[in-house]
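Student: Whatever this is, show me its structure:
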Amino acid sequence: MTTNHEALAIVQAARVKAIAAFPYLRRGLAALKLIPREGLGTMAVDPQARVYYDPATVCEWGVSLTAGVIVHELAHPMRLHFARAIALGVTAEQARAWNIAADAEINDGVLTGICASHGIALPKGAITPALLGLAEDLLAEEYFAAILAGQQGREIGNPGGGDGEPTDDDKPGNPGGGKPKSKIQQALEDAPDCGSGVDGIEREHDAQDGSSEEEGMSDAEVRALARAMARDIEIHEQAQAQLGRGEAAGGWGRWARQALAPAKVSWQQKLRATVRAALRQGSGAQDYRFSRPSRRSSVMGGVIMPSLYSPLPEVAVVIDTSGSMGDADLTRAVSEVAGVLKAAGREATLYSVDAEASAPITIRKIADVRLMGGGGTDMRVGIRAAFAAKHKPTTVVVVTDGDTEWPETRYWGKATVVACLVRKPWHAPPAHVVTVEAF
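Tutor: Numbering: from 1, shown residues only. As a prediction, the model looks like this:
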């Protein structure tokens with residue numbers, strides 16, 4: 001009981017300390033419902049902005065560390081990480097990677113700098129872009145793609161670069177020794193679980209609806225609170241700009257500007273809509289076949305008539321893995337594959353292409369993606385390989401930086417070729433290639 005009372009005093013003091021350091025987050029920090037959960041071992045949050053804390057852990061952290069973690073947990077529901085995870089199709093197996101990606105989005109250099117200047121800190125080993133070996137100022141979706149790529153062997157941005165400290169099992173001469181763990185691998189093992197407020201997947205410790213003492217906010221209330229906080233941040237940044245202090249709120253400021261910006265159609269939506277439209281066109285295309293004769297053959301005096309059929313749409317994805325594609329471009333390319341798969345609603349065939357096309361692989365989810373290559377650039381090779389396959393695609397999506405030549409003629413008939421450009425292209429695609437700009 002003494003521990004619970006002590007922990008309650010710590011979290012209350014930590015909230016006050018956090019508000020003093022981040023006055024523009026006052027509304028959100030004040031609205032958080034703090035709920036003790038013995039044995040949790042950390043602090044977590046749910047989509048209703050309820051923060052769960054382990055009394056013993058909080059007592060071990062003290063006020064300064066607890067204040068830093070409260071600010072961190074607030075960011076998850078306010079930035080709608082749970083809704084973004086659902087929209088991205090994050091699975092239970094990928095939830096830990098998404099958690100790390102969301103943490104990296106939150107814990108930028110400005111946040112940690114403000115914390116340090118007010119005597120606030122994050123626990124040792126807290127996930128930051130630097131800890132993962134990745135650039136700052138990226139979205140969780142971009143970090144997520146990089147983490148998945150790192151798990152698959154080609155570590156975009158060289159996260160970790162294989163320079164992690166070897167464990168005892170990794171040292172030479174040890175039976176079963178292996179390669180040192182990368183930064184991403186280590187983070188996947190060590191990072192704490194921030195709860196359902198990150199991925200929307202319910203946890204055992206989450207409060208049950210109907211409990212008046214632990215009642216959280218509704219989805220509408222969370223979104224209204226987030227917008228009000230965004231306006232507070234905007235006012236704060238405007239005041240700081242007059243003092244010549246630039247982006248005083250760091251990642252929070254960038255989030256606020258995005259939250260308050262007029263709604264517009266994102267390139268991801270354009271890409272998915274383009275792919276869906278192409279698939280509808282492909283699925284509606286009819287052809288003749290003799291494998292199932294027409295019923296009219298019986299009245300044609302022995303003449304066998306073909307029947308009409310609708311081919312099943314096939315999707316091929318051609319990814320530019322040439323030397324001109326930077327790490328950030330490859331990160332975006334992998335995330336775009338997820339959009340294509342979601343739009344298609346079915347498996348696709350993937351080709352990694354530089355000056356040559358790799359052997360095709362079938363992908364059903366983003367975790368299946370394997371990238372190979374790194375030489376010259378000629379996306380025409382990948383397009384030709386896709387249409388030369390036994391099962392010809394109805395839609396081919398080419399993800400590239402545009403530093404390539406394009407087919408001069410539309411030799412693929414009724415099929416559709418979509419160019420998803422991650423940068424302003426050196427060679428603009430011709431009119432017979434549908435173009436989506438992702439820059």
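Student: alpha carbons only for contacts and neighbour counts from here, please
Tutor: Will do.
Student: Now do residue 271 against residue 363, distance only.
Tutor: 18 Å (Cα to Cα, to the nearest Å).
Student: who's more crowded, these two?
Tutor: A direct count of neighbours by other Cα atoms under 10 Å for residue 271 and residue 363 places residue 271 higher, at 23 against 19.
Student: Quick check: the gap between the more buried one and residue 420.
Tutor: Using Cα to Cα, we find residue 271 at a distance of 7 Å from residue 420.
Student: Give me the common contacts of these two.
Tutor: residue 436 (Cα atoms under 8 Å, 6 or more residues apart in numbering).
Student: so where is the stretch 201-350 of the chain shaky, pLDDT-wise?
Tutor: Scanning the stretch 201-350 of the chain for pLDDT under 70 picks out the ranges 209-212, 245-250, 263-268, 278-313, 326-336, 338-339, 341-344.
Student: That one: helices as residue ranges?
Tutor: Assigned by DSSP state H, counting those that start in this stretch, the stretch 201-350 of the chain shows helices spanning 219-242, 251-260, 267-284, 327-344.
Student: now do the stretch 1-150 of the chain
Tutor: 2-21, 26-31, 55-78, 81-88, 95-106, 109-117, 129-132, 140-151.
Student: Let me have the ones you listed in CSV, extended by distance to residue 44 and mean pLDDT.
Tutor: Shown next, in CSV, are these (distance: least, Cα to Cα, whole Å; pLDDT from 0 to 100):
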stretch, distance to residue 44, mean pLDDT
helix 2-21, 13, 92
helix 26-31, 14, 95
helix 55-78, 7, 95
helix 81-88, 13, 90
helix 95-106, 11, 94
helix 109-117, 19, 76
helix 129-132, 20, 90
helix 140-151, 18, 86
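Student: Turn the ones you listed into CSV, columns for distance to residue 322 and mean neighbour count.
Tutor: Shown next, in CSV, are those (distance: least, Cα to Cα, whole Å; neighbours: other Cα atoms under 10 Å):
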stretch, distance to residue 322, mean neighbour count
helix 2-21, 46, 18
helix 26-31, 45, 17
helix 55-78, 36, 23
helix 81-88, 27, 18
helix 95-106, 26, 26
helix 109-117, 32, 16
helix 129-132, 24, 20
helix 140-151, 16, 24
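Student: Which among those helices is found nearest to residue 241?
Tutor: Of all those, helix 109-117 sits nearest to residue 241, with 15.3 Å by Cα to Cα.
Student: tell me how far that closest one is from the chain's mean position?
Tutor: 25 Å (Cα atoms, centre = their mean, to the nearest Å).
Student: Could you do stretch 251-271 as well?
Tutor: Here stretch 251-271 shows a centroid-to-chain-centroid distance of 15 Å under the convention Cα atoms, centre = their mean.
Student: and if you look at stretch 98-109?
Tutor: 11 Å.
Student: can I get the CA coordinates of that stretch in PDB?
Tutor: What follows is stretch 98-109 as a C-alpha-only set of coordinates in PDB (Å, rounded to 0.1, in the frame of the first residue of the first chain):
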ATOM      1  CA  TRP A  98       5.200  -0.600 -35.300                       C
ATOM      2  CA  ASN A  99       5.600   0.300 -31.600                       C
ATOM      3  CA  ILE A 100       9.300   1.000 -32.100                       C
ATOM      4  CA  ALA A 101       8.600   3.000 -35.300                       C
ATOM      5  CA  ALA A 102       6.000   5.100 -33.400                       C
ATOM      6  CA  ASP A 103       8.500   5.600 -30.500                       C
ATOM      7  CA  ALA A 104      11.100   6.800 -33.000                       C
ATOM      8  CA  GLU A 105       8.600   9.300 -34.500                       C
ATOM      9  CA  ILE A 106       8.000  10.800 -31.000                       C
ATOM     10  CA  ASN A 107      11.400  10.800 -29.500                       C
ATOM     11  CA  ASP A 108      13.200  13.300 -31.700                       C
ATOM     12  CA  GLY A 109      16.200  15.500 -30.700                       C
END
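Student: quick one, what contacts residue 346?
Tutor: residue 364.
Student: Quick check: it vs residue 149, distance?
Tutor: 21 Å.
Student: that older thread, quick one: which of the helices of the stretch 1-150 of the chain is nearest residue 231?
Tutor: helix 26-31 (10.8 Å).
Student: Dump the closest one to CSV, keeping only the CA atoms.
Tutor: Provided in CSV are the C-alpha atoms of helix 26-31 (Å, rounded to 0.1, in the frame of the first residue of the first chain):
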residue,chain,number,x,y,z
ARG,A,26,-1.2,21.1,-20.9
ARG,A,27,-4.7,20.1,-22.2
GLY,A,28,-3.6,16.5,-23.1
LEU,A,29,-1.5,16.0,-20.0
ALA,A,30,-4.3,17.2,-17.8
ALA,A,31,-6.8,14.9,-19.5
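Student: Got the domain ranges for the protein?
Tutor: Here the domain parsing of the chain from automatic domain parsing is 2-260, 267-286+312-437.
Student: Around residue 43, how many other residues sit close by?
Tutor: The local packing of residue 43 (other Cα under 10 Å) involves 25 other residues.
Student: who touches it in this structure?
Tutor: Contacts of residue 43 were listed using Cα under 8 Å, 6+ apart, and they are 51-54, 69-70, 73, 194.
Student: Compile those residues into a markdown table and extend it with columns for distance to residue 45.
Tutor: Formatted as a markdown table, those follow (distance: Cα to Cα, whole Å):
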| residue | distance to residue 45 |
| --- | --- |
| 51 | 4 |
| 52 | 6 |
| 53 | 9 |
| 54 | 12 |
| 69 | 11 |
| 70 | 9 |
| 73 | 6 |
| 194 | 6 |
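Student: ok, so of these, who is nearest residue 99?
Tutor: residue 194 (7.0 Å).
Student: Pretty sure that closest one sits in a strand.
Tutor: No - counting by DSSP: H, G, I helix; E, B strand; the rest coil, one finds residue 194 to be coil, located in no strand.
Student: Just the pLDDT at it, thanks.
Tutor: Reported pLDDT at residue 194 in the predicted model: 95.
Student: neighbours of the closest residue in space to it that isn't next to it in sequence, just the number please.
Tutor: Nearest non-adjacent residue to residue 194, counting by Cα to Cα, 6 or more residues apart in numbering: residue 44, 4.3 Å away. Neighbours of residue 44 under the rule other Cα under 10 Å: 31.
Student: Look up the residues forming beta bridges with residue 44.
Tutor: When bridges are called by DSSP bridges, residue 44 pairs up with residue 52.
Student: what about residue 426, which SS state?
Tutor: coil.
Student: distance of it from residue 202?
Tutor: 47 Å.
Student: how many neighbours does the closest residue to residue 314 other than its chain neighbours have?
Tutor: In space, and not counting its chain neighbours, residue 314 is closest to residue 393: 4.3 Å by Cα to Cα, 6+ apart. The local packing of residue 393 (other Cα under 10 Å) involves 24 other residues.
Student: Lovely, talk soon.
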